[in-house]
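Asks: Here is my input; please provide its structure:
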Amino acid sequence: MRVLLIGSGGREHALAWHLSRSRELEQLYCWPGNPGTALLGENIEGDYQDPEILADWARKQEIDLTLVGPEAPLVQGLADSLARRGLLALGPGREGARLEGSKSRAKELMQKAGVPTAAHQVVENLEEVEDYLAENPAPYVLKADGLAGGKGVLICEDRDQARREARSILEEERFGSAGKKLVLEEFLEGREASLLALCAGGDFLLLEPSRDHKRLLNGDQGPNTGGMGAYSPVADIPPGEKERLGQEIFRPLLQCLQQEGIDYRGVLYAGLMLTPAGARVLEFNVRFGDPETQALIPRLRSDLLPHLHAAARGKILAEPLQWKEETCLCVNLVAGGYPGSYEKGQAISGLEKVNPSTIIFHAGTAYKGGRLITAGGRVLGVTVLAEDLEAARRQAYFEASKIEFRDKFYRHDLGRE
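Replies: Residues are numbered from 1 along each chain as shown. Model prediction:
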């Protein structure tokens, strides 16, 4: 099978790492890829934001399956462009991708499908914000409606902070066009978890639960990021609970999409808050999570490629996925200043000191003059499989300490149950 993998981050390196081991793989192309994927397939230079250019290239190369990592190409209609050329893509079309491209649309669908979620209100100006603040207690959750690179969710402790943040989004265009509307949401207490499913029409196949750490600082403090690390499995979602959540969340949502004429083929990611009253969906993403994928993929015993190919054709294979019993934990090493402004081009050293059993997933790296340098906010994912969570934590942090670049930063409390 000839596979095209879209994206350049740690998620894409993890997927390439797995796909390269498949007996069904003939050729793997990564567009644009990174130094990690270059060791596993052929990187293709180019802008992956133009669906038509990508689709034309895929047709000329007779690609059997296009696997889309980031959300932006899906929201822009890449799967539709490929379908018009008779090509298979694992990822929803433009209408299905609105589940992630518009948080207000996701809320609308959740309400229609009866999926448990937080109470909310959609606003478009500061007057509406004031009305909401006057009627609801702090803390407040503010979400930019559109795509904001995982940084568009703000937790505000009081009304003054909520006013300032709302003004920065609605009037000062902090997130550009993604902030033309705001979703103001009830603050939920609990622990976050991620549950992903491979979907085809109304059917789905659940992956193992994982937990992403989105806040920058220890103790879940500081600003939201694209993810500081993840681990799997998650003790507070045992197998029976996973299956129940699948029926409560994915089944009705997929049926709702079908009723609207949307044939969803791809990964659907439910970001959950596990509250005392039960699980509530915080958000839906329409692709593999990053960094959840880095914690899930090393645990897979099964070959995922046949399942991905079948889902793109509209089918879910009867064969269940087999998982390793070990715990996998990924620690992201990030550039100083992330998720705000940060420097690129810092030399990376120490990779040769890392234990060979440790998997290093490249996220924001590049080669310049023969040297590996930083090229993004999240730079490397140090990923370990171990017998339990504590062992995975100890080993991952020990290996992370060996890698150096200027202003390197990472959380030190990932996986603390």
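Asks: and the helix or strand that Ala230 is a member of, which strands flank it?
Replies: Element membership of Ala230 [criterion: DSSP states H and E] is strand 229-232. Strand 229-232 has the following strand partners under DSSP bridges: strand 211-212 (antiparallel), strand 327-334 (antiparallel).
Asks: Adding distance to Pro276 and mean pLDDT, write these out as CSV.
Replies: All C-beta atoms are positioned from the backbone trio N, CA, C, and that covers glycine. Formatted as CSV, the strands paired with strand 229-232 follow (distance: least, Cβ to Cβ, whole Å; pLDDT from 0 to 100):
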stretch, distance to Pro276, mean pLDDT
strand 211-212, 18, 96
strand 327-334, 26, 98
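Asks: Switch those over to JSON lines; also include distance to Leu4.
Replies: Output for the strands paired with strand 229-232, formatted as JSON lines (distance: least, Cβ to Cβ, whole Å):
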{"stretch": "strand 211-212", "distance to Leu4": "26"}
{"stretch": "strand 327-334", "distance to Leu4": "25"}
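Asks: any chance of those strands in JSON lines, with mean neighbour count too?
Replies: Shown next, in JSON lines, are the strands paired with strand 229-232 (neighbours: other Cβ atoms under 10 Å):
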{"stretch": "strand 211-212", "mean neighbour count": "26"}
{"stretch": "strand 327-334", "mean neighbour count": "28"}
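Asks: and of those, who's closest to Pro233?
Replies: strand 327-334 (6.7 Å; Cβ to Cβ).
Asks: I'd like the next helix or strand past the closest one.
Replies: Strand 327-334 is succeeded, C-terminally, by strand 359-362 (DSSP H and E).
Asks: now the most centrally placed residue in the chain, nearest residue through space, not along the chain?
Replies: Among the residues of the chain, the one closest to the centroid is Gly289, at 2.3 Å (Cα atoms, centre = their mean). Sequence neighbours aside, Tyr269 is the residue nearest to Gly289 in space, at 5.1 Å (criterion: Cβ to Cβ, 6 or more residues apart in numbering).
Asks: do the same with Val354
Replies: Glu399 is the one closest to Val354 (Cβ to Cβ, 6+ apart), at 5.1 Å.
Asks: Look at the one you found and tell me its secondary structure.
Replies: helix (DSSP: H, G, I helix; E, B strand; the rest coil).
Asks: From what I see, it and Asn355 are in contact.
Replies: Yes: in this structure, Glu399 is within contact of Asn355 by Cβ atoms under 8 Å, at 6.0 Å.
Asks: more crowded one of those two?
Replies: Set Glu399 next to Asn355 and count neighbours by other Cβ atoms under 10 Å: Glu399 wins out with 22 against 10.
Asks: Please name the residues that touch the more buried one.
Replies: 354-355, 358, 382, 384 (Cβ atoms under 8 Å, 6 or more residues apart in numbering).
Asks: so Ile169 is in which element?
Replies: Secondary structure from DSSP H and E places Ile169 in helix 159-170.
Asks: Report all helices and strands that that helix contacts.
Replies: Applying 3 or more Cβ pairs under 8 Å, 6 or more residues apart in numbering; DSSP states H and E, one finds that helix 159-170 contacts helix 126-135, strand 140-144, strand 153-156, strand 182-186.
Asks: what separates the second one from the chain centre, distance-wise?
Replies: Taking Cα atoms, centre = their mean, to the nearest Å, one finds strand 140-144 lying 19 Å from the centre of the chain it belongs to.
Asks: go on, the last one?
Replies: Relative to the chain's own centre, strand 182-186 is displaced by 21 Å; criterion: Cα atoms, centre = their mean.
Asks: partners of that strand in the sheet?
Replies: Using DSSP bridges, the strands paired with strand 182-186 are strand 120-123 (antiparallel), strand 140-144 (antiparallel).
Asks: just the ones you listed: most buried one?
Replies: Mean neighbour count (mean count of other Cβ atoms under 10 Å) peaks for strand 140-144 among the strands paired with strand 182-186, with a mean of 23.
Asks: Using neighbour counts, pick out the buried residues of stretch 388-407.
Replies: Judged by neighbour count using 16 or more other Cβ atoms under 10 Å, the buried positions of stretch 388-407 are 389, 392-393, 395-397, 399-400, 403, 405.
Asks: Understood, closing this out.
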